[in-house]
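>>> sequence first, predicted coordinates after that:
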Amino acid sequence: MLIPILVFDVALVAWSLHLMEKAYENKEFSLMLAGTLVGLAAAAMLVVYFLMGHCMSYLLQLS
C-alpha cells in the first residue's frame with residue numbers, strides 16, 4: 001500500500017512545484033499559495049499514513 005501512496009505524493013509534489021514555477025513567472029500570489037497548500041497536503045498525507053501504520057501495528061499487538 002505504501003508504493004501507490006508514494007507515487008501519489010510524488011505527483012502532488014511535482015504539481016506543487018509546477019504551480020510555484022508558474023506563480024513565479026506570472027508574479028501571481030494565488031498560484032504560489034495553491035502550490036504551497038498542495039505541498040503541505042502531500043506532506044500531511046505521508047505523516048498520517050505513517051502514524052496510522054504505527055497505530056495499527058500497536059493495536060494488532062494488543063489483541
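Now that the structure is in, tell me what you want to look at.
>>> and for residue 42, the neighbour number?
The criterion is other Cβ atoms under 10 Å. On that basis, residue 42 has 20 neighbouring residues. Every residue, glycine included, has its C-beta placed from N, CA and C.
>>> check the residue nearest to it when sequence neighbours are not counted and give its pLDDT.
By the measure of Cβ to Cβ, 6 or more residues apart in numbering, the closest residue to residue 42 outside its immediate chain neighbours is residue 12, 3.8 Å from it. In this prediction, residue 12 carries a pLDDT score of 92.
>>> touching the helix or strand containing residue 12 from outside, list them.
Secondary structure assigned from DSSP states H and E places residue 12 in helix 2-26. Taking Cβ atoms under 8 Å, 6 or more residues apart in numbering as the criterion, the residues outside helix 2-26 that touch it are 28-32, 34-36, 38-39, 41-42, 45-46, 49.
>>> try 10 Å this time
By Cβ atoms under 10 Å, 6 or more residues apart in numbering, the surrounding residues in contact with helix 2-26 are 28-43, 45-46, 48-50, 53.
>>> buried subset of those residues as a ChimeraX selection?
Selecting only the buried entries of the contacts of helix 2-26 in ChimeraX, with 16 or more other Cβ atoms under 10 Å as the criterion:
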select :31,32,34,35,38,39,42
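>>> so of the contacts of helix 2-26, which ones are in helices?
Judged by DSSP state H, the subset of the contacts of helix 2-26 located in helices is 29-43, 45-46, 48-50, 53.
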